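S.K.: Fold the following.
(2 chains)
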There are 2 protein chains.
Amino acid sequence: MPRRSGARSRAGTNDPAGAVIELRPGVPDLSSFPRTLWAAALRRALATAPNSALDYAEPAGLPVLREAVAGYLARTRGVRAEPEAVVITAGFTSGLSLLGRALHRRGARTIATENPGLVRHRDVLRAAELTVVPLAVGPSGAEPGDAVGQAALLTPAHQHPTGVVLAPRSRYRFIDWARRNNAYLVEDDYDGEFRYDQRPVGAMQALDPERIVYAGSTSKSLAPGVRLGWMIVPAPLRRDLAAEIFDAGAAVSVLDQLAMADLILRGDYDRHIRRMRLVYRRRRRQLASSIGVPLRGIAAGMHALLPLASATGEQRLIAEGRRRGLALTGLHGNGYWHEPEGQSAALILGYAAPPAHSWPAALSLLTQLVQQSAAELVQNRGPDGVTVGL
Amino acid sequence: MPRRSGARSRAGTNDPAGAVIELRPGVPDLSSFPRTLWAAALRRALATAPNSALDYAEPAGLPVLREAVAGYLARTRGVRAEPEAVVITAGFTSGLSLLGRALHRRGARTIATENPGLVRHRDVLRAAELTVVPLAVGPSGAEPGDAVGQAALLTPAHQHPTGVVLAPRSRYRFIDWARRNNAYLVEDDYDGEFRYDQRPVGAMQALDPERIVYAGSTSKSLAPGVRLGWMIVPAPLRRDLAAEIFDAGAAVSVLDQLAMADLILRGDYDRHIRRMRLVYRRRRRQLASSIGVPLRGIAAGMHALLPLASATGEQRLIAEGRRRGLALTGLHGNGYWHEPEGQSAALILGYAAPPAHSWPAALSLLTQLVQQSAAELVQNRGPDGVTVGL
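M.R.: Okay, the predicted model is just below:
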C-alpha cells in the first residue's frame, strides 16, 4: 500500500530484537531526540514564565518563541524576517493546510507542486479546495516553466524525493513568475540545516520575502511527534492566515512553545543540530562508500536516491530486502508522482532513521542486497529497457 | 469590543502591582497551573517512552493517553467509552472545528447552539459551513423544542453563560430528538468536574453514547495554553472525523500527550482538580455571602451570574467597576446571544480567574461596587422597566 513519507510504517520497527530495520526517508533517528535537554528546557521555562503565558495564546504564537525563531532562522538559514512575520504552527502539514485555506480565501484556486513530491501535501492542498498541478523535476530541481496558478510549493534546498537542489537560475525564474502573476511561493525547508558537502545554501525566501512563505519544522531536527513548526509569512497574507487559524481553532501548546524558545535561546537547539549533522553526514559517507554504486541527490538531509533500472526491479529489490530484514521505500507505489506514475525507478534511502545500534547492520544488509542485485541497478538495464530520467 | 469568553482580555491583567483585576469567566487561576507537577510528569514520561512514541502519531492520539482518558472520564464523569472512541484534540475549539467539518462531510448543514452561548463556537461552526440556529435557554437549560437540523451543541452540566443545569427531562427530549432525526448531540463538558453543592451530575453522554459526542479539555482544569482536550466519538462519526483530521494535518504534540497520560495515571490530575475544586468552592461561597444579593446559576465551574435590571445599567456598572480597578464581563456586547441581543442583563462573574493574592481585593471591590449600585440590580427595576428573563 502507498506509504506516505512520514506516515508511520506499519511494516516494522527499529526493534533491537532483530526485526525489520527501516530506512524510512524523511524521518530522523528517533532515539536521538534530546529527551533530557527538552525536559530541562521545559522545567526552566516553566520556572520563569509569567502566568499570562499560560492563557489563551495569540494565534500566531508566543512572542518569545516568535522572536527566537526569527533570530534563529536569520542566523542559520539567511531568512529575512521580523518576529511579526513568524507564525508558529503545529508542524508543516498543519501550517500548509491553513495556508492553503488562506490562499483560497484570497481567491487562489490552483497551486503547483513538485512531481515527484509528497502526496500528503497534495491531499492537504486539495482538501483546502485548491487544484494541484505538477511541476516537473529535473537535475536542477523543479521546472519554473511549468508554474501555473496562484502559488507553487517547492523544496529548494533538497528536493524530496529526488534530492537535487533548486538551481539559482530556477529560483529567480520562479520568483519572476510569482511577481508577474501576483502569486506566492511556498518554500518547504524541511531539512535545510542538514548539508554535508558544503555550507548550506541559504533560504530562497531571502531573495523575495514579499513573495515567499518560508516554512520549516522540528519534525526532522527533533522528532515528528513534537508537532511544532513555523512559517514566515509575507505581510499581505497574514490577515487571511490569522482568520483561518481562528476559524479552525488551531493552536500550539504554550508549554512546547516555551520549551522550544528556551532551547533556541540557550543554544541547545543549535548544538543538537550540529551533533546530528555530524552523525548523518558520517552515515551518508558510509552509505556512499559501502554501497558501491553512485547515489543521486546532494549530500544533505536524511535521504539519498539509488536509481534502479525499472519499476519491477524496484519491487523485486524491496521484496528481497524485506526477506532480509530491511524495510525499503521505492519511488513507485508511494504516491510520489502526481498521476500517472513516472517511469524512473529508485530506492529512496532514509539513512537517518535507524537508531545508532542498528545502523551498522542496516548498512551491511543494504550493501549486500545491492551488490547481489546487479540486475536491478541502472547500469544494467533490464528487459524493459527503461531509461532512468533522474 | 465584544470579548469572547476565553479570548485574552486586552483590558488588563492580574498584575500584582495593582492594576485592574479581572473576573474573566471561563478562565481558571493561571497561577495555579501545576508547573512542577507537569515538568515532573514530562520528565518521567520522557524517561520511559519508547522511541516509537516520538514518531508521527496516530491522528486520534497516543494509545496510552486515549486509554488513560477513557478510564479517567468513566471514573469521574460516568462517560461510557472504550479507548478507540477517544480522539485527542488540541483543545475544545479545535475539536469542534474538525467535528463540524466531519458532520458537514456527512451531509449535515444545520446545527443548533444555545442562546445565549459562546460566539466563538458559532463562528467556528459557520466556518465549517454549517448554518447555526438558536436554542433558547431557560431555567432548565436549553429548550429541546427548538432543536432543528442535524446536530445540537449543549453545555449540560453548567450552561455557559447562564449557569443553569440541563434538566433530566430536557436531556431525554434532546436524545429523543436526535434519534428521531438521525442527528447528533455535542456535549461540551468544559467544567463538569467542578461542582460545589453536590456530587457532579454525570455526563449526558452515558444516556446514549451512540448519539452524543462528549468533549472536554484541560483549559479550565489546567490552563488554556495547554491546548489539550478530547472527544468521545460515536462509531459512525469516527471515519469522517479521521478524514478531517488528516486533511487538516491536525495533530497534538506527543510530548504533551505523554505528560498528560502520566499525570492521569499517577492520580496527579485528580488530586490537582480536587485541590482546585476546594479553592473555587470557597470562592463561590465567599462571593455569594459577601455580595449580598442572590447569584444565579448553580454552584459550579468558574462563573456565576449576577442579574441586573437593564443593559444600560450593566454598562454603567462595568464602567464604574473599571474605574475602581475591576474588569467585569456583562451579558451584553460579548456575542453571547445569536442576533439580536436579548434583554436580560447580568454580570458574568468569573471568580476563578484572579490569582490567590488578588482574590480578597477582587471580592472586596466587587462587593462595594454591587452594594453601592443598588439601582442597577434586578430588585430595583430602572426606568427601562426591563424584566429579567433568566
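
S.K.: Show me what residue A:214 is bridged to.
M.R.: Beta bridges link residue A:214 to residue A:187, residue A:232 when assigned by DSSP bridges.

S.K.: dump the residue contacts of it.
M.R.: A:73, A:77, A:79, A:81, A:187, A:189, A:203-205, A:231-232 (CB atoms under 8 Å, 6 or more residues apart in numbering or on different chains). From N, CA and C alone the C-beta is placed, and that goes for glycine too.

S.K.: mind listing the helices for chain A?
M.R.: Under the criterion DSSP state H, helices of chain A are mapped to A:35-48, A:63-77, A:92-105, A:119-127, A:168-180, A:235-248, A:254-265, A:268-291, A:311-323, A:359-371.

S.K.: The closest residue to residue A:115 other than its chain neighbours - how many residues pack around it?
M.R.: Excluding the flanking residues, the one nearest residue A:115 by CB to CB, 6 or more residues apart in numbering or on different chains is residue A:134, at 3.6 Å. By other CB atoms under 10 Å in any protein chain shown, the residues close to residue A:134 number 19.

S.K.: hang on, isn't residue A:134 packed against residue A:113?
M.R.: Yes: using CB atoms under 8 Å, residue A:134 makes contact with residue A:113 at a distance of 7.0 Å.

S.K.: Which neighbours do the two have in common?
M.R.: What both residue A:134 and residue A:113 touch, as defined by CB under 8 Å, 6+ apart, is the set residue A:338.

S.K.: Residue A:187 is in contact with residue A:178, correct?
M.R.: No: checked against CB under 8 Å, the pair residue A:178 and residue A:187 is beyond contact range at 11.3 Å.

S.K.: Overlap in contacts, the two.
M.R.: residue A:212.

S.K.: Which of the two has more residues huddled nearby?
M.R.: residue A:187 (29 against 21).

S.K.: Contact partners for the more buried one?
M.R.: A:154-156, A:203-205, A:212-215.

S.K.: Export the residues you listed to a markdown table and append columns for distance to residue A:88 and pLDDT.
M.R.: Listed next are these as a markdown table, based on distance: CB to CB, whole Å; pLDDT from 0 to 100:
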| residue | distance to residue A:88 | pLDDT |
| --- | --- | --- |
| A:154 | 22 | 98 |
| A:155 | 21 | 98 |
| A:156 | 22 | 98 |
| A:203 | 18 | 98 |
| A:204 | 21 | 98 |
| A:205 | 17 | 98 |
| A:212 | 18 | 98 |
| A:213 | 14 | 98 |
| A:214 | 13 | 98 |
| A:215 | 11 | 98 |
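
S.K.: Show me which of these is closest to residue B:373.
M.R.: The closest of the contacts of residue A:187 to residue B:373 turns out to be residue A:213 (CB to CB; 51.9 Å).

S.K.: Burial check on the closest one, number of neighbours?
M.R.: With other CB under 10 Å as criterion, residue A:213 counts 26.

S.K.: Number of residues surrounding the closest residue in space to residue A:60 that isn't next to it in sequence?
M.R.: Leaving aside its sequence neighbours, residue A:60 sits nearest to residue A:87 (CB to CB, 6+ apart; 4.8 Å). Using other CB under 10 Å, residue A:87 is surrounded by 27 other residues.

S.K.: thought residue A:87 was touching residue A:228?
M.R.: No: using CB under 8 Å, residue A:87 is not in contact with residue A:228, being 11.9 Å away.

S.K.: so what's the residue nearest in space to the middle of chain A closest to, chain neighbours aside?
M.R.: The residue lying closest to the centre of chain A (CA atoms, centre = their mean) is residue A:190, at 3.5 Å. Distances taken as CB to CB, 6+ apart place residue A:220 nearest to residue A:190, at 5.8 Å, with adjacent residues excluded.

S.K.: From what I see, residue A:256 and residue B:253 are in contact.
M.R.: Yes: using CB under 8 Å, residue A:256 is in contact with residue B:253, at 5.2 Å.

S.K.: what about these two, which has more around it?
M.R.: Ranked by neighbour count (other CB under 10 Å), residue A:256 and residue B:253 place residue A:256 first, with 28 against 23.

S.K.: ok, residue A:341 to residue A:319 distance?
M.R.: Using CB to CB, to the nearest Å, residue A:341 is found at 18 Å from residue A:319.

S.K.: Looking at the two, which has the bigger crowd around it?
M.R.: residue A:341 (16 against 11).

S.K.: From residue A:230, how far off is the more buried one?
M.R.: Taking CB to CB, one finds residue A:341 at 33 Å from residue A:230.
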